[in-house]
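> would you be able to build a 3D model of this:
(one chain, ligands or ions: 2)
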Amino acid sequence: MTSPENVRRVACVGAGVIGGGWVAHFLARGYEVTAWDPAPDAEPRLRRLVEAAWPTLTRLGLAEGASTDRLTVTGTLEQAVADAEFVQESAPEKLDLKRDLLARLDAATPPGVVIASSTSGYPMTDMQTTAADPSRLVVGHPFNPPYLIPLVEVVGGERTDAAAVAWASRFYEVAGKSVITMDNEVPGFIANRLQEALWREALHMVASGEATVRDIDLSITEGPGLRWAVMGPMLTFALAGGEGGMAHMLDHFGPSLKSPWTRLAAPELDKELYDAVVAGCDEAADGRSIADLVAERDRGVVEVLRATGRLGPEEDSR
Ligand SMILES: NC(=O)C1=CN([C@@H]2O[C@H](COP(=O)(O)OP(=O)(O)OC[C@H]3O[C@@H](n4cnc5c(N)ncnc54)[C@H](O)[C@@H]3O)[C@@H](O)[C@H]2O)C=CC1
Ligand SMILES: C[N+](C)(C)CC(=O)CC(=O)[O-]
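Ligands and ions are numbered 1, 2, ... in the order given. From the prediction side, this is the model:
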């Protein structure tokens, strides 16, 4: 098996929004990319996506030798994966289609090569049922567009070899991604479960006339979203507790969890959950004091405001 550091050839199967985004990312990182997609207009569509992304990728900095000339669109799936050292599947989110396609990819891909699915939420256990060698099948869930948003969530299924999960995580890191490796399968993984909770409540609020679509979007872009680009929801809320950090935040606002602020059922804020959240924030702070974190958050938000054209150059010199 090629080591993650020595991979040169990547195959992308399914070349729509996400598959195309993966192709652009891998090309920009200097890989040879083969792509296959059954749609009759797939090749021109894919090449348009890559050309549109390339100026941004050039501005961000291309790897040595990176070129759109390193993309080959093949006529068959088998040609696409024949020499691949890693395969990224990005076909439509339909369980039966994913099962059949992963089994077909497994049959056509050289032994030992890891095959990752971009699925947004299916557990690999449910998708690997018909593959002859399920041990090399992993989830590698990206975010749109994969050439700009760093995160990939990696998780295996019940029949995946732990070594394949470790290999995929390392490969994505070498390929320039930020990786969360999950030990346990949950539908929707981590980030989509969080997005889904917000999304559900937003839809409830719109459906019941409590908020407009604009209200919903503004509430995030002018509110918590600015902080979330800098710090996650856990550390952000630790700062809501002032110098008392997350412990004070939970003491102060923990009872609000029982208020009907959301249609989702609130978890019991028992000692175990309390301690786990406080300890997790301490760990994430990694030695930074609350004052350090406040300064870091404020600096980051100013940068996001400036980068999104909402702050003139002199306004932040206060
Ligand atoms: N759109 C998004 O924001 C995100 C999507 N994903 C996941 O990525 C995967 C692809 O989604 P999108 O790119 O959004 O869909 P899409 O509809 O843009 O692209 C799907 C592509 O797959 C091709 N295709 C159809 N049947 C196929 C087959 N049997 N084998 C190979 N390719 C086939 C289609 O021609 C199309 O080009 C899904 O699993 C989705 O859940 C993951 C993260 C974000
Ligand atoms: C809409 N979506 C569920 C397909 C989104 C994702 O899976 C990740 C993303 O890009 O937000």
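> quick one, helices of the stretch 1-150 of the chain?
Remark: helices assigned in the stretch 1-150 of the chain by DSSP state H, counting those that start in this stretch are 17-28, 42-60, 77-81, 95-108, 124-127.
> among those, which comes closest to residue 158?
Of all those, it is helix 124-127 that lies closest to residue 158, at 4.6 Å by CB to CB. Glycine gets a C-beta too; all of them are placed from N, C-alpha and C.
> what's the average pLDDT for that closest one?
In this model, helix 124-127 has a mean pLDDT of 98.
> do the same with stretch 294-304
Average pLDDT, stretch 294-304: 84.
> buried residues in that stretch?
Residues 297, 301-302, 304 are the ones in stretch 294-304 that count as buried (16 or more other CB atoms under 10 Å).
> same check, this time on stretch 65-79
Buried residues in stretch 65-79 (16+ other CB under 10 Å): 66, 68, 70-71, 73-74, 77.
> and if you look at stretch 237-247?
Neighbour counts over stretch 237-247 (16+ other CB under 10 Å) mark 237-239, 241, 245-247 as buried.
> farthest-apart pair in those, please.
Pairwise distances across the buried residues of stretch 237-247 peak at 12.6 Å for 239 and 247 (criterion: CB to CB).
> ok, now how distant is residue 166 from residue 64?
Distance of residue 166 to residue 64, given as CB to CB, to the nearest Å: 27 Å.
> brain fart, residue 191
Residue 191 is 31 Å from residue 64, by CB to CB.
> list the contacts for residue 274?
Residues near residue 274 by CB atoms under 8 Å, 6 or more residues apart in numbering: 250, 254.
> actually residue 113, not the one I wrote
With contact set as CB under 8 Å, 6+ apart, residue 113 has these partners: 1-2, 81, 84-87, 136.
> and which of these is nearest ligand 2?
residue 87 (19.3 Å; CB to the nearest ligand atom).
> smallest gap between this structure and ligand 1, at which residue?
Per CB to the nearest ligand atom, residue 16 is where the chain lies closest to ligand 1, at 1.9 Å.
> quick one, phi/psi of that residue?
For residue 16, the backbone dihedrals (degrees, to the nearest 10) come out as phi -90, psi -140.
> read off the pLDDT value for the residue nearest to it when sequence neighbours are not counted.
Of all residues not flanking residue 16 in the chain, residue 90 sits nearest, at 6.8 Å (CB to CB, 6 or more residues apart in numbering). Confidence at residue 90, expressed as pLDDT, is 98.
> if we can go back for a sec, could the helices of the stretch 1-150 of the chain go into a markdown table alongside distance to ligand 2?
Listed next are the helices of the stretch 1-150 of the chain as a markdown table, based on distance: least, CB to the nearest ligand atom, whole Å:
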| stretch | distance to ligand 2 |
| --- | --- |
| helix 17-28 | 8 |
| helix 42-60 | 15 |
| helix 77-81 | 23 |
| helix 95-108 | 14 |
| helix 124-127 | 15 |
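> can you say which of the ones you listed is nearest to residue 289?
Closest among the helices of the stretch 1-150 of the chain, once you apply CB to CB, is helix 42-60, at 32.7 Å.
> next, residue 143: phi, psi?
Per-residue torsions, residue 143: phi -130, psi 150 (degrees, to the nearest 10).
> ditto for residue 151
Backbone torsions for residue 151, taken as degrees, to the nearest 10, come to phi -70, psi 140.
> check what pLDDT it gets.
The per-residue pLDDT of residue 151 was computed as 95.
> now for the buried residues of stretch 65-79, which pair is the farthest apart?
It's 66 and 77 that sit farthest apart of these, by CB to CB, at 25.2 Å.
> before we move on, back to that, more crowded one of residue 166 and residue 64?
Per other CB atoms under 10 Å, whichever of residue 166 and residue 64 has more neighbours is residue 166, with 16 against 5.
> the more buried one: what's it in contact with?
Residue 166 neighbours (CB under 8 Å, 6+ apart): residue 181.
> which helix or which strand is home to it?
Residue 166 belongs to helix 162-174 when elements are defined using DSSP states H and E.
> quick check: buried residues in that helix?
By neighbour count on 16+ other CB under 10 Å, the buried set for helix 162-174 is 164-173.
> stretch 79-92: end-to-end distance?
End-to-end distance of stretch 79-92: 20 Å, with CA to CA, to the nearest Å as the criterion.
> right, I'll call it a day here.
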